[in-house]
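*Asks:* pasting the sequence and the predicted model now:
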There are 6 protein chains.
Amino acid sequence: MLAGNQLRQYPVPTFPPPESEDVESWLWNQIKAEARRDAESEPALASYLYSTVLSHPSLARSISFHLANKLCSSTLLSTLLYDLFLHSFSSSPTLRSAVFADLLAARHRDPACVSFSHCLLNYKGFLAVQTHRVAHLLWAQDRRPLALALHSRVAEVFSVDIHPAARIGKGILLDHATGVVIGETAVVGNNVSMLHHVTLGGTGKIGGDRHPKIGDGVLIGAGATILGNVIIGEGAKIGAGSLVLIDVPPRTTAVGNPARLIGGREKPARHEDVPGESMDHTSFITEWSDYII
Amino acid sequence: MLAGNQLRQYPVPTFPPPESEDVESWLWNQIKAEARRDAESEPALASYLYSTVLSHPSLARSISFHLANKLCSSTLLSTLLYDLFLHSFSSSPTLRSAVFADLLAARHRDPACVSFSHCLLNYKGFLAVQTHRVAHLLWAQDRRPLALALHSRVAEVFSVDIHPAARIGKGILLDHATGVVIGETAVVGNNVSMLHHVTLGGTGKIGGDRHPKIGDGVLIGAGATILGNVIIGEGAKIGAGSLVLIDVPPRTTAVGNPARLIGGREKPARHEDVPGESMDHTSFITEWSDYII
Amino acid sequence: MLAGNQLRQYPVPTFPPPESEDVESWLWNQIKAEARRDAESEPALASYLYSTVLSHPSLARSISFHLANKLCSSTLLSTLLYDLFLHSFSSSPTLRSAVFADLLAARHRDPACVSFSHCLLNYKGFLAVQTHRVAHLLWAQDRRPLALALHSRVAEVFSVDIHPAARIGKGILLDHATGVVIGETAVVGNNVSMLHHVTLGGTGKIGGDRHPKIGDGVLIGAGATILGNVIIGEGAKIGAGSLVLIDVPPRTTAVGNPARLIGGREKPARHEDVPGESMDHTSFITEWSDYII
Amino acid sequence: MLAGNQLRQYPVPTFPPPESEDVESWLWNQIKAEARRDAESEPALASYLYSTVLSHPSLARSISFHLANKLCSSTLLSTLLYDLFLHSFSSSPTLRSAVFADLLAARHRDPACVSFSHCLLNYKGFLAVQTHRVAHLLWAQDRRPLALALHSRVAEVFSVDIHPAARIGKGILLDHATGVVIGETAVVGNNVSMLHHVTLGGTGKIGGDRHPKIGDGVLIGAGATILGNVIIGEGAKIGAGSLVLIDVPPRTTAVGNPARLIGGREKPARHEDVPGESMDHTSFITEWSDYII
Amino acid sequence: MLAGNQLRQYPVPTFPPPESEDVESWLWNQIKAEARRDAESEPALASYLYSTVLSHPSLARSISFHLANKLCSSTLLSTLLYDLFLHSFSSSPTLRSAVFADLLAARHRDPACVSFSHCLLNYKGFLAVQTHRVAHLLWAQDRRPLALALHSRVAEVFSVDIHPAARIGKGILLDHATGVVIGETAVVGNNVSMLHHVTLGGTGKIGGDRHPKIGDGVLIGAGATILGNVIIGEGAKIGAGSLVLIDVPPRTTAVGNPARLIGGREKPARHEDVPGESMDHTSFITEWSDYII
Amino acid sequence: MLAGNQLRQYPVPTFPPPESEDVESWLWNQIKAEARRDAESEPALASYLYSTVLSHPSLARSISFHLANKLCSSTLLSTLLYDLFLHSFSSSPTLRSAVFADLLAARHRDPACVSFSHCLLNYKGFLAVQTHRVAHLLWAQDRRPLALALHSRVAEVFSVDIHPAARIGKGILLDHATGVVIGETAVVGNNVSMLHHVTLGGTGKIGGDRHPKIGDGVLIGAGATILGNVIIGEGAKIGAGSLVLIDVPPRTTAVGNPARLIGGREKPARHEDVPGESMDHTSFITEWSDYII
């Protein structure tokens, strides 16, 4: 059997890059080098890699091209979407720096991510989040029908449903990503990692502030459901399959349906690491479920 | 931060419409007015809005066009699907009145739904249910291979899997909708609301009547799994993430994995509202999970 | 109401076929006969059935054509994918025999599966698994960028996310399939059945062997989450919505979040059937949840 | 070498059909029988024949489907065109009877036309003329932008340029058809045959009635250019490559650049046949060019 | 019968525009006003007009979008072409002013041209020439493979074959345009009008300067063939169907195959108008062909 | 002005190749080297060049892929066509050697042809002829509906209309190619060159042997029309725009409408070269038209 770490052919590069180079250039050069190497080793994929990466002068153009071709439909043409994405990524350094942060997040946190270009081209969660950021900008500019059209395309194409009004930080990893739902008034901090099927949902049919607020560095396991205007404190960890309906204190771990705090409500165990970055979502196993099966 | 209710620019219109107008005309006029307003404010989307809504003389044509272009593939041409949908919606007042009821359901129950056209164009759950109703008609007419082909396209494009034999009422809201699975012998009443990842599943490999029966006005939270030929009584509420394997009495609330009744099995708490319409899926929090975290 | 077993128009054929015929020919002849019958009864679908099945001289060509047209995109042309699939299926008897085993699995275990061609054409889980096997071959040949491109297309088109390095046996049924996630170092034995939303996930950001090992004949219910390098013993059954973080002994049943063994940890109840084949996922209801609601 | 008449496998059917049948049904039944025969003998084409012919209940639907899929583009969707064509052909018996007359014209006059379905599916000239008739209706209804959009698509897809205002009779054969140009105020009578590269052109930049008037039964050879508001009398014949700038009397033959009348201006030779039907475009060779080479 | 001049609903606007406005803005405003009027009167076309014209902030974007969608193929994506056209038209005032001159040429010289947008959207000759100018720029920048790829797409899509090295002036009208061929070393002056099937061809297989040089204001009739490095003097007129193999003096008229000068070789008739602008291609009829038929 | 011969960057390679290599390999290697060079110098085209040439292991696959993507439509899928072309080119050395001969013909005879890949990818005439050869094979195998479907696609996409029954030799150059029409019983020898708009047409509506027979090495100028079962002797030359209705002796030149022999009917001038290869189509100018203008 192939050992997982043998599959990581390419070591995660030292970061930040040497001072002589800026981050944007460095990352774009890495991506092009990866794509060039892959195109050489796999002629069947070369056309794809040239059209998506190697023919472009910048990451902004590459990602705009890629998203436009992923999200277009017979009634929303790729040229229209390309224009929209290119204008957004070209004019907003904030959007671009979030792209970099998310690429680094995937590369550092997901052992299955073999290269930056792997994430750029293939990760549904990454592509959904970048599109969300553009949709969020449009929403903030009161261009809501267009923002909702992007939202809808992402929900169909990537099965990731992030309302354009939701506010999402940088350094986000949506791993696998299928079925993630993030509601209208949700807020997600920086360096948060979520697995697939995570719901940050609302409460009923009354409008207003009704979705979760996720602190920096939080890790949310697969299939966890967090409902209502609750606060998940920074560095908290939510176990897979948990149902969370009330606040979770910082750096604690909540598990189960309904969720309980590991260590108990009064004196919950506090961890020191940042789970959204360390991705440790099973070390509590011994404390919690060992005795059950 | 934007408050959620500030986002509801357009008040939900008074309904029913003034007597002088019939429901179909009224709703279609609303939709056209919304699309016209959006096309004017957002030229980049005008082409899309004209092709999907404004160029059509009726809602039946608009939705047939939209579904045909969403669900077509290189082997199932849009013109073939358009023909099929148009014939179905044009010839069946029942299908059309279900469209209206579902549009109103989304508009009244989902605070993130800003307009009827928002739902018509963008809601995967809405589009999946309308396609299901056409597939169900075909199934009833013993045109099963075609019904199953539609079923398959919906499962791929919208990630919503409703067997064409399932019987679904009117006034249905599938919110977010990704991952919903409704099996062959399931029955869903009127005015039911379900969140995403809900399963109405079967029991094993023996055919026959093996899926849940969901009463009128039921609300099923995100990720709930209901298995087997069980009855969820009218107006019941199933908490998010619950696993339900036996009957749930009317107007009670079941939560947890496996599910328990709020208030206990003997004297369960009974609510007066219709949760499928009120969408209240967290008021039981205080009773249930408050003490846990 | 239509009784489910009335819907099974076509009895599951006796298998194995008469000795005079080999399995491949027999199954391909069945599929063509089904498609011909459906094309005759439903002219609107005849074009689809000819292009996907009836115009092809072999199942290898039919499935290659079908997958290429399902998975192509504007940047990954159908002709390229067709070449790749056709070469793989034509040159590998192993791949082809797995196709047969999976078709038989769906036909025998899923009462909603009305014919082999129904599965071949419409089952997302079936199509995802066949593509995975091709991707796995490419991965083993160190053609990883191409394997990952296939992986990505399957994740988008079918919402099924199977890492190309994962090792999957034969006779697999992914029923409904939406949202299934199978990680890089997971191993799935023969004759395993999984429902939708099943996760065979990893543990954190360290590479290496970190995903579940699923024994032969295991049945995993909808929404079950199994995390870490744990062993699910042969013939075990995992209840819907369960969260499993440690080993499960052979022929036992684990349910709940976190999962418990039916019958208790010390003396778990052992069943005699092979749940992956019998698909019995509710007979434990009486033992487990009856007393709760 | 294959003799041309051996290629005519199928004799041109006796026409008119037996009294018990109306013309429309008879012709549509012929077409379906041909398509069915071809689908059986050539599985690779069966999908195409089912989608274009055999899945349709009428010739009006078949031709609408076929034209919509031929003429659509990324900005003019096939569903829109299908709607337009279907409405036109369904509501106008005149349009439909012209379709029949043109199919019979091709079948009787062109020895390379092996069947009605061959013409219906493959003849650019036939398809261009049917589209023109729809565009002409739109023009007459003052829907000029739409008429001009159809005109433009035909000019691009078929390289046949017929202004929507031009008036074209029935029983028309545009053989090969590439490069035919027919101007705004041109009139073409019934039972006219034209080869490819024929121009019925105007005179300068002043509007008004400025294009040729072609009488019934005229035959115009390949590459002939007729300019200005001139009259080509009924049953006249225009030699290939001729340039005609003034009137041509009925039942005479004009040849050359500039064109001369065979037999001379004063006493031109008069033929008795109808050249647009007899397709005799070389019998004058002996009189005209024999002595030259 | 509809008189041609009744069809000219919209008078050709006075030009140049009022001093307060620059030419670019004036023309773009005209085009948008036309498109808006047409979209209002014809809802079926509104989507097309919004996507091609009304959603764009400038003529450069509109024409880039339109050409990209016309010329794209499954191997040359519209987003790639859009990028290329947009960069070219945005950065070159020369290209843009040629667009304007050609639009005015079509509108003033072709009585069938009912509006600027009619030409912009529908005229193959116009679209082919604009693409040629971009290809010519690429050729001059030594980007020949890309120039030849554009050349090839134009030859296929519009049936107009202009070698990217050919030098073409401004104010060009290619009326109908099908079949026009302009060779590698051809030069075409300003304000030239050509009808369809015109050839400016070369002489044999030796490279070098081997194609015609067409002076300013020349008019070339339909089907005329001009071969070799010959000079057609300014303001000359070439009759339809003529074959020209040697020089033609300025302001004279050549007709026939092979071509002769009207008035004779020694004292050819000289006209005062500019035929490329006046489009008078039949006034010589009385002198030339009247006596023949 | 760029001199034409400066544009010929790449000298036509010495042929035949060195003995150590076979012709097929040599030519395919040349093509790949050209494509690689172009991909390096023009990143915007690299994706196109990889998908059409560089990702393929053989010329047979490359041309099959290219033709399938050029000729596919929404009702004739690229995968179906690819299968058909690949089978034809792979199994027939005759087809492949004709490809080589035609590539060499274009490269040696057309000074605008800068490389083999330029012809392979961009020349409509080349691509039309290769498709014709496949259609001709199908015709000979009595698979006529499929042959006619290919014929029809070529007529639409390339505006080249060659009946599948026509017999075409090797070393053919159709320069520019738009509007070429070659009828059912036409025969074209080896090493023939034709310009665009050439017609090899029939005579009337009677079937049988009714189209021209073109000898080896013939050159036919632009717009020439040859009608009826006439023989154009080997090495003859037909002037541009000529109309030929009777036999032309070997190695003579026919010009005009109707055509005359240069040198007169009794003692026509005979040339020594092979015009189909020398491409000399203007040296007769001095003899013929000099005195006219």
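*Replies:* All right, it came through fine.
*Asks:* helices along chain A, start to end?
*Replies:* Using DSSP state H, the helices of chain A run over A:23-41, A:43-49, A:59-71, A:78-91, A:93-109, A:116-122, A:124-140, A:144-157, A:275-278, A:285-288.
*Asks:* can you list these in TSV and add mean neighbour count and distance to residue A:208?
*Replies:* Where you see a C-beta, it was placed from the backbone N, CA and C, and this is true even at glycine. Below are those laid out as TSV (neighbours: other Cβ atoms under 10 Å in any protein chain shown; distance: least, Cβ to Cβ, whole Å):
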stretch	mean neighbour count	distance to residue A:208
helix A:23-41	18	39
helix A:43-49	23	45
helix A:59-71	24	30
helix A:78-91	22	29
helix A:93-109	20	27
helix A:116-122	25	36
helix A:124-140	24	17
helix A:144-157	24	18
helix A:275-278	24	27
helix A:285-288	15	35
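*Asks:* could you dump the ones you listed to CSV with distance to residue B:131 and mean pLDDT?
*Replies:* Below are the helices of chain A laid out as CSV (distance: least, Cβ to Cβ, whole Å; pLDDT from 0 to 100):
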stretch, distance to residue B:131, mean pLDDT
helix A:23-41, 39, 94
helix A:43-49, 32, 95
helix A:59-71, 21, 97
helix A:78-91, 25, 96
helix A:93-109, 34, 95
helix A:116-122, 29, 97
helix A:124-140, 23, 98
helix A:144-157, 13, 98
helix A:275-278, 39, 86
helix A:285-288, 43, 56
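*Asks:* which of the ones you listed sits closest to chain B?
*Replies:* helix A:144-157 (3.6 Å; Cβ to the nearest Cβ).
*Asks:* mind exporting that closest one as PDB, just the C-alpha atoms?
*Replies:* Presented in PDB, the C-alpha positions along helix A:144-157 are these (Å, rounded to 0.1, in the frame of the first residue of the first chain):
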ATOM      1  CA  ARG A 144     -27.500  41.900  -5.400                       C
ATOM      2  CA  PRO A 145     -29.100  40.100  -8.400                       C
ATOM      3  CA  LEU A 146     -25.700  39.500  -9.900                       C
ATOM      4  CA  ALA A 147     -24.300  38.400  -6.500                       C
ATOM      5  CA  LEU A 148     -27.200  36.000  -6.200                       C
ATOM      6  CA  ALA A 149     -26.600  34.600  -9.700                       C
ATOM      7  CA  LEU A 150     -23.000  33.800  -8.800                       C
ATOM      8  CA  HIS A 151     -24.200  32.300  -5.500                       C
ATOM      9  CA  SER A 152     -26.600  30.100  -7.400                       C
ATOM     10  CA  ARG A 153     -24.000  28.900  -9.900                       C
ATOM     11  CA  VAL A 154     -21.600  28.000  -7.100                       C
ATOM     12  CA  ALA A 155     -24.300  26.100  -5.300                       C
ATOM     13  CA  GLU A 156     -25.000  24.100  -8.500                       C
ATOM     14  CA  VAL A 157     -21.500  23.500  -9.800                       C
END
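*Asks:* show me what it is packed against.
*Replies:* helix A:59-71, helix A:124-140, strand A:161-162, helix B:43-49, helix B:116-122, helix B:124-140 (3 or more Cβ pairs under 8 Å, 6 or more residues apart in numbering or on different chains; DSSP states H and E).
*Asks:* now do the same contact list for residue A:277.
*Replies:* A:108-109, A:191, A:193, A:217 (Cβ atoms under 8 Å, 6 or more residues apart in numbering or on different chains).
*Asks:* in the stretch 151-293 of chain A, what residue lies closest to chain E?
*Replies:* Counting by Cβ to the nearest Cβ, the stretch 151-293 of chain A gets nearest chain E through residue A:153, at 15.6 Å.
*Asks:* how about the helices and strands packed on helix A:144-157, which one is nearest residue E:136?
*Replies:* Proximity to residue E:136 (Cβ to Cβ) singles out helix A:59-71 among the helices and strands packed on helix A:144-157, at 24.7 Å.
*Asks:* next, see if that closest one gets close to chain D.
*Replies:* No - on the criterion Cβ under 8 Å from any Cβ of the partner chain, helix A:59-71 is out of touch with chain D, staying 12.9 Å away.
*Asks:* is that helix anywhere near chain C?
*Replies:* Yes - Helix A:59-71 comes into contact with chain C (Cβ under 8 Å from any Cβ), by way of A:66, A:69-70.
*Asks:* nearest to residue E:179 among those residues?
*Replies:* Minimum distance to residue E:179 across the residues of helix A:59-71 next to chain C is 34.3 Å, recorded for residue A:69 (Cβ to Cβ).
*Asks:* domain parsing for chain A?
*Replies:* Structurally, chain A divides into domains by automatic domain parsing as follows: A:10-158, A:166-293.
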